[in-house]
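A.B. asks: Model the structure of this input:
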Amino acid sequence: MTQREIFFVANEVNELGGVGRWQAHMARLFAERGHRVRIIGIAPPEVPMDLGTHPPFETLTLYDRRPRGRREPHLPLGGIAPAVRRREADRRAAAERLSRLFRAARPGAVIIVTQVWAMEWVALADTAGHPVVGMSHESFEASRRSSRFERVRRYYKDVDRLLVLTQEDADLWVGQGLNNVGFLPNPLPVMPAAPSPRTEKAVACIGRLSHEKGVDLLLDAWAEAAPRQPGWILRIYGAGDQEAALRRQCTELALDDSVEWAGQTDDVTGALARSSVFVQSSRGEGFPLALLEAMACGVPCAAFDCSPGVREIIRNGEDGLLARHGNTGELARQLVRLMADENLRDTIGERARQNVRRFAPEVVTRRWEELFDLLER
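C.D. replies: Residues are numbered from 1 along each chain as shown. Just a heads-up that it's a prediction; the model follows:
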């Protein structure tokens, strides 16, 4: 195995969320295999994630505060405002800082750009002949609904490889005329020694309290499911800008006695160990780590079929249950099936724990290293 210098260039070094968790996990996995790893963030995070006391990788942030966007009004007769000139000069200086790091790297180094906003700086830098891998951590459809879609097509069309999370998404990007697309799944974040005992009458939901995560849809589904299985609670872990509105909705639906707001948690495995069912009601996902973690803990999952990543993780009826995207009545029925049947919970939970091993860290990391070798040829 060739030991390499691996640069992650991201929006932030340690932003709390799925991409930040994936990035820190992959950086640790590469470092454990002898690679020298550096994470370079463009700007400081809004909500930082704890990377631990002595992470096995280096970190660097280019700006002290988040730079403003490029869309600024010009002066009359085609002039450019002084503030715009200063921002462009700052951007070029930051890109030159990247260039110096890349030029100093030894042969065989690889540059992984984890988010397309960060690619705007890498595109200005001298990558010194090192392969550049650009990434999109969301589904094709989620990207198409956002401003990132055109930026992916613009900034990633000439990188050595554009990586997405599933074959289905890769095919859709190929249909946009990109001929450099591949796919790699997220690695399993954890594999506890023992599964959840699945004895507590608790359904867990773990994620940001944001519109995209669809907790409002979950509360509507829970309003149908809870009366059919008295004694069960829905335990919601997370924080976010929708919390106040969601709590009001919970009260309006008369669910306060069966919903527990557990707040943000750093102990996902512990939260899952106290659960017998996991539910995900997102409007969109990439390759959700929370589903992988729940399955690794042997907790049977019910989820909206909202993206190719969800379909790749859950084999419906075998190691989890899917409901049509946004269909709260169907999600309620899938929850009731799991809550009402201990044998079904145990069967699906154990199958999930076995099947999710196909995303084991050593499997995914080896595929990354094979890609590095291919790009070096």
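
A.B. asks: which SSE is the closest residue to P56 other than its chain neighbours in?
C.D. replies: Closest residue to P56 apart from its sequence neighbours, by Cβ to Cβ, 6 or more residues apart in numbering: A31 at 3.8 Å. In short, each C-beta sits where N, CA and C put it, glycine included. A31 is part of helix 18-32, with elements assigned from DSSP states H and E.

A.B. asks: Let me know the secondary structure of the nearest residue to Q3 once chain neighbours are set aside.
C.D. replies: Nearest residue to Q3 in three dimensions, chain neighbours excluded: G34, at 4.6 Å (Cβ to Cβ, 6+ apart). Put simply, G34 is coil when judged by DSSP: H, G, I helix; E, B strand; the rest coil.

A.B. asks: Surely G34 and M1 touch.
C.D. replies: Yes: using Cβ atoms under 8 Å, G34 is in contact with M1, at 7.5 Å.

A.B. asks: ok, back up a step: from A193, how far out is the residue nearest to Q3?
C.D. replies: Going from G34 to A193 by Cβ to Cβ, to the nearest Å gives 26 Å.

A.B. asks: out of these two, which sits in the more crowded spot?
C.D. replies: Between G34 and A193, counted using other Cβ atoms under 10 Å, G34 has the larger neighbour count: 10 against 4.

A.B. asks: per-residue pLDDT, the more buried one?
C.D. replies: Listed pLDDT for G34 reads 96.

A.B. asks: Ramachandran coordinates for it?
C.D. replies: phi 90, psi 0 (degrees, to the nearest 10).

A.B. asks: That one and Q115, how far apart?
C.D. replies: Look at G34 and Q115: by Cβ to Cβ, they are 26 Å apart.

A.B. asks: all helices for the stretch 1-150 of the chain, in order.
C.D. replies: Counting by DSSP state H, counting those that start in this stretch, one finds helices in the stretch 1-150 of the chain at the ranges 18-32, 82-104, 116-122, 140-144, 148-155.

A.B. asks: okay, those in a markdown table with distance to L322 and mean neighbour count next?
C.D. replies: Converted to a markdown table, the helices of the stretch 1-150 of the chain look like this (distance: least, Cβ to Cβ, whole Å; neighbours: other Cβ atoms under 10 Å):
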| stretch | distance to L322 | mean neighbour count |
| --- | --- | --- |
| helix 18-32 | 20 | 20 |
| helix 82-104 | 42 | 14 |
| helix 116-122 | 29 | 22 |
| helix 140-144 | 16 | 19 |
| helix 148-155 | 26 | 17 |
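
A.B. asks: export these to JSON lines and tack on distance to V110?
C.D. replies: JSON lines is the format used below for those (distance: least, Cβ to Cβ, whole Å):
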{"stretch": "helix 18-32", "distance to V110": "10"}
{"stretch": "helix 82-104", "distance to V110": "11"}
{"stretch": "helix 116-122", "distance to V110": "12"}
{"stretch": "helix 140-144", "distance to V110": "23"}
{"stretch": "helix 148-155", "distance to V110": "18"}
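
A.B. asks: What segments of the chain are strands?
C.D. replies: Secondary structure of the chain by DSSP state E: the strands cover 5-10, 36-41, 58-61, 110-113, 132-135, 161-164, 181-183, 202-206, 233-237, 259-263, 277-280, 301-305, 321-324.

A.B. asks: wait, which of those is closest to G214?
C.D. replies: Closest approach to G214 among the strands of the chain is made by strand 301-305 (7.0 Å; Cβ to Cβ).

A.B. asks: Next, give phi and psi for the residue lying closest to S139 once chain neighbours are set aside.
C.D. replies: When the adjacent residues along the chain are set aside, S139 lies closest to S307, with 4.0 Å between them (Cβ to Cβ, 6+ apart). Main-chain torsions, S307, degrees, to the nearest 10: phi -170, psi 160.
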